[in-house]
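Student: how would this look folded up:
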Amino acid sequence: MLCAKCGQEAPDEAIYCPHCVGERRSTDREVIRGGVRGGLIGLFIGLLPALLLLYIYGPERGIKAIAFAVPVATFTTGLIIGLVKAKHDWK
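Tutor: Predicted structure coming up:
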């Protein structure tokens with residue numbers, strides 16, 4: 001099959017074109033920086049609804065657990081998305 005980006009022949013079972021991918025390598029520092037950036041954005045986005053929940057309902061009725069779980073989930077999601085995006089930006 002032909003690569004849509006460079007036009008060279010790539011194996012049919014290849015996920016990425018070996019000719020395009022081989023041109024540049026991302027460093028570990030770039031990937032870690034992308035993960036940290038994504039994690040911080042996710043944490044910020046998750047803290048807003050958590051604080052709103054605590055403000056409206058107070059710390060009773062299991063709201064503390066939900067308010068804790070939301071930022072953790074958004075931080076983890078942001079971290080993963082940031083790592084993947086930083087790894088794929090070098091293509």
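
Student: mind listing the strands for the protein?
Tutor: Read by DSSP state E, the chain holds no strands at all.

Student: Just the pLDDT for the most centrally placed residue in it.
Tutor: Nearest to the geometric centre of the chain sits residue 81, at 1.1 Å (C-alpha atoms, centre = their mean). As predicted, residue 81 sits at a pLDDT of 90.

Student: With residue 89 instead?
Tutor: Confidence at residue 89, expressed as pLDDT, is 58.

Student: which residues does the closest residue to residue 12 other than its chain neighbours contact?
Tutor: Distances taken as C-beta to C-beta, 6 or more residues apart in numbering put residue 1 closest to residue 12, at 5.4 Å, once the chain neighbours are dropped. Where C-beta positions appear, they are placed from N, C-alpha and C, glycine not excepted. Residue 1 makes contacts with 9-12, as judged by C-beta atoms under 8 Å, 6 or more residues apart in numbering.

Student: among those, who's most crowded?
Tutor: residue 10 (20 neighbours; other C-beta atoms under 10 Å).

Student: What are the buried residues along the helix ranked longest in the chain?
Tutor: Counting residues, the longest helix found in the chain (DSSP state H) is helix 28-57. Residues of helix 28-57 classed as buried under the neighbour-count rule (16 or more other C-beta atoms under 10 Å) are 31, 34-35, 37-39, 41-43, 46, 50, 53.

Student: now swap in stretch 64-84 and tell me
Tutor: Buried residues in stretch 64-84, counted by 16+ other C-beta under 10 Å: 67, 70-71, 74-75, 77-79, 81-83.

Student: Mark which of these are part of helices, please.
Tutor: Of the buried residues of stretch 64-84, the ones assigned to helices by DSSP H are 67, 70-71, 74-75, 77-79, 81-83.
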